[in-house]
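Q: Sequence isn't available, so here's the structure alone:
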């Protein structure tokens, strides 16, 4: 769009230089802030145990076999009864720690389902995983 005023030919175009300046400032701000916003969890993965030892008697271990079968300290239990069993066990305990021992070929879905049941309604506060 151009206009003619008198003898001089003045153009009324948009000056994009300030827009580019603002864009570059925003780009620099986002480049500086992005590394600060990254969040994650610090984890330590334990090494596999060299010798197989029996856990102490006061430790609760939830075993999950390759077919999705559950047992609490070698006592067989189903997914439907898992919540009730854990409530009975942890109702008298001050420490609500559960160890999950999954078979190497267990489905991830079965482990997550068992952990969800254990964590629901405050049955278990801390969950550890046993590596064999």
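A: Structure received. All of these numbers come straight from a predicted model, not from anything done at the bench.
Q: okay, CA-based contacts and neighbour counts for the rest of this
A: Noted.
Q: Contacts for the top strand by length along the chain, please.
A: Longest strand in the chain, counting residues (DSSP state E): strand 97-102. Strand 97-102 is contacted from outside by 59-66, 111, 124-131, using C-alpha atoms under 8 Å, 6 or more residues apart in numbering.
Q: Give me the distance from it to the chain's centre.
A: Offset of strand 97-102 from its chain centre (C-alpha atoms, centre = their mean, to the nearest Å): 17 Å.
Q: So for residue 12, what's the pLDDT?
A: The pLDDT attached to residue 12 in the predicted structure is 78.
Q: Okay, helices next: where are they in this protein?
A: 17-37, 79-90, 108-119 (DSSP state H).
Q: how about a markdown table for those, with mean neighbour count and mean pLDDT added?
A: Below are the helices of the chain laid out as a markdown table (neighbours: other C-alpha atoms under 10 Å; pLDDT from 0 to 100):
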| stretch | mean neighbour count | mean pLDDT |
| --- | --- | --- |
| helix 17-37 | 10 | 89 |
| helix 79-90 | 15 | 88 |
| helix 108-119 | 16 | 89 |
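Q: looking at those, which is closest to residue 96?
A: helix 79-90 (6.3 Å; C-alpha to C-alpha).
Q: ok and the closest one relative to helix 108-119, angle-wise?
A: Comparing the axes of helix 79-90 and helix 108-119 via axes from the mean of the first three to the mean of the last three C-alpha atoms, to 10 degrees yields an angle of 40 degrees.
Q: Give the other helices and strands that helix 79-90 contacts.
A: helix 108-119 (3 or more C-alpha pairs under 8 Å, 6 or more residues apart in numbering; DSSP states H and E).
Q: between the helix it packs on and strand 97-102, what angle do the directions make?
A: 170 degrees.
Q: What's the per-residue pLDDT of the nearest residue to residue 73 once chain neighbours are set aside here?
A: Leaving out its chain neighbours, the residue that sits closest to residue 73 by C-alpha to C-alpha, 6 or more residues apart in numbering is residue 61, at 5.4 Å. If you check residue 61, the pLDDT there is 90.
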